[in-house]
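[1] no FASTA, just this:
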Ligand code: SF4
């Protein structure tokens, strides 16, 4: 049997600060619903009293991108809307995640048309796609749960980007600015 | 007929024999008169119709492109005389490069409709104050609904359009501090717009001095998609027009195609459509009231409304398989039949709906904050409402007793009892009251329809229009053939055109369909009820507080899917 070090004998559990932060992050997602069309109405049902997304801790809907970390694109994105979506995404603080709700946002859906963007991945990076037209609220829940799993592992593109930036700062010796 | 004879005669008498090139008979509507006129006479005829024949409403303007004709473009106008229930369709064929006189000085409704026809079809309107694109983005090149524009040719837009107002004349002795103007840009992604509208406003303090409303952020090309799909394939697209009350759009579209073919659907199917229509009218109004109350800070009402919506969704899901976008109707009937269990559930839902409506009533109607925010705001005079082409609850709130279900009853609406609520204040509160009362009336309608629904088939018996039952397709060679032919060729209505309309949650939902005899519609134009209503928005909010604009937007119940198509 392994002998415990004195510190391990204390009634404490140890964890990585990173894991702790990810745990808090995943359980307090603040979504910004970018609802443009029918999926936006279904998103209201997701938030609404019957399904109630607060069960996953993601009910603090923020309409200001600066206060949100989860962008839920619910609805068709048209060419006219595309620059607006990009701008909103850029205004969100990092790390940030994107759920593409519905086939329209994910691939253009059955609007193979001259004014519809064929999938938002050409504008913003997407972490989870939800199929359906509109997706059932359960499907949206599943996407949020999947995203939470990814966040707790710390391997979403946005988290990796943040980590990389931190690393670069550290290695360049710029230690004054390392505060989180 | 008599009336049309007279009309044609009198137009000729007052404007000369040449004014009317030819007269066609409308299909499916004895009250409709179709006139082909020369383009230089359009304004005169419109003035005559409005001034002397009491055609107060300009319902729709659209363009049709006929590349094979000598006169490749055609502007189509729909006028409506409410008192005599008469409709006139003017068709103005003209060549590429020619322009048609604008009707904006005659009807305010013409403004946005003409802009749309310009944007989509490239029609030019002489004398229009601001003939710019309205649906497609500002960097778009070409006209998307021309037959030679490929449906899949995207054009990227790299930045939103920048607006500005013309500068005001400088006034030396003006107090700079109190008169300073601020420019604000609301939307297109803003919580109060619950959708995709952009309002650019110039404020003085809290007061809106000038405003510009921009739409088109959800223009997902319904009309082009309709032209590239078969008649039956268009039905799912119609769901996504007014997605708050999808079954109504299904029914409106299918009714247009049915009239074009000239069939009447079985009584049971009619009743099922009535039940679904009224249920969706209720949930549409619930969303309208719920979201407006959120904007006013009353979150509780929103939860109440959405809880009930959820109940109706469950009914829809049981019948159609989807909660929201049902695609329940078929050309020639409906897809799903209701059974006793469904009826029982529906009666239960209606009961809880009534309770919720009363609850919302108690929460809002006498609520001081609600009253302060709603009373007197968003006022549109009755004359303006008619001129802008208002229909539905917003028109009834302006004191006009007009409901297509009563005025020109379709299905069995004339055998069901209901009242049409009319309020005269024409402000947001009146609109809210109309909606509250309409929900109660719709509850009555659903209950009666459930009690009265007759037995029988739910689809017409015509293998050229409806698919045979699946079981037969697998066992019977004839059914298999019919199935195959219908899927491959589609429904093929005879050549012709139709303007068919129903009373949707927001007002008159019209479908203008041109058929060239093939399985694909040649042209489908939707007359979305909220398009003309929203075209009055700039004028309505100017001079008011900016916070009231939010209430007005909510109570106009503008649905982006329908507005931008
Ligand atoms: S995926 Fe379907 S429901 Fe969602 S926005 Fe697109 S059309 Fe509407």
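    Structure received. Keep in mind the model is a prediction, meaning the values are calculated, not measured.

[2] Find the closest residue to the ligand in the stretch 151-300 of chain B.
    The minimum distance from the stretch 151-300 of chain B to the ligand, using CB to the nearest ligand atom, falls at residue B:240 (4.8 Å). All C-beta spots, glycine's among them, are computed from the backbone N, C-alpha and C.

[3] List, one by one, the residues from chain A near chain B.
    Residues of chain A lying close to chain B (CB under 8 Å from any CB of the partner chain) are A:34-38, A:40-42, A:44-45, A:48-50, A:63, A:75-76, A:78-85, A:88, A:104, A:110-118, A:133-134, A:136.

[4] Can you flag which of these belong to helices?
    Using DSSP state H, A:38, A:40, A:41, A:42, A:44, A:45, A:82, A:83, A:84, A:85, A:88, A:104 are the members of those that sit in helices.

[5] could you dump those residues to TSV with neighbour count and pLDDT?
    Below are those laid out as TSV (neighbours: other CB atoms under 10 Å in any protein chain shown; pLDDT from 0 to 100):
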residue	neighbour count	pLDDT
A:38	28	85
A:40	26	85
A:41	24	84
A:42	29	86
A:44	24	82
A:45	22	83
A:82	23	88
A:83	17	88
A:84	23	87
A:85	23	88
A:88	18	88
A:104	30	88
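
[6] Assign residue B:185 to one of the three secondary structure states.
    Under DSSP: H, G, I helix; E, B strand; the rest coil, residue B:185 falls in the strand class.

[7] Relative to the ligand, how far out is residue B:102?
    Using CB to the nearest ligand atom, to the nearest Å, residue B:102 is found at 34 Å from the ligand.

[8] if we can go back for a sec, and the ligand, which of the ones in helices among the residues of chain A next to chain B contact it?
    Among those, the residues lying close to the ligand (CB under 6 Å from any ligand atom) are A:38, A:104.

[9] Closest one of the ones in helices among the residues of chain A next to chain B to chain B?
    Nearest to chain B among those, counting by CB to the nearest CB, is residue A:38 at 3.6 Å.

[10] got a list of what that closest one touches?
    For residue A:38, the contact set (CB atoms under 8 Å, 6 or more residues apart in numbering or on different chains) comprises A:75, A:102, A:134, B:239, B:240, B:243, B:324, B:325, B:561.

[11] With residue B:547 instead?
    B:206, B:373.

[12] ok but it is inside a helix, no?
    Yes. Under three-state DSSP, residue B:547 sits within a helix.

[13] Just list what the biggest helix by length in chain B packs against, helices and strands only.
    The longest helix of chain B (DSSP H) is helix B:267-295. For helix B:267-295, the elements it packs on are helix B:246-261, helix B:299-320, strand B:333-334, helix B:340-364, helix B:428-452, helix B:546-556, judged by 3 or more CB pairs under 8 Å, 6 or more residues apart in numbering or on different chains; DSSP states H and E.

[14] Take those and lay them out in TSV including mean pLDDT.
    Shown next, in TSV, are those (pLDDT from 0 to 100):
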stretch	mean pLDDT
helix B:246-261	89
helix B:299-320	86
strand B:333-334	86
helix B:340-364	89
helix B:428-452	90
helix B:546-556	86
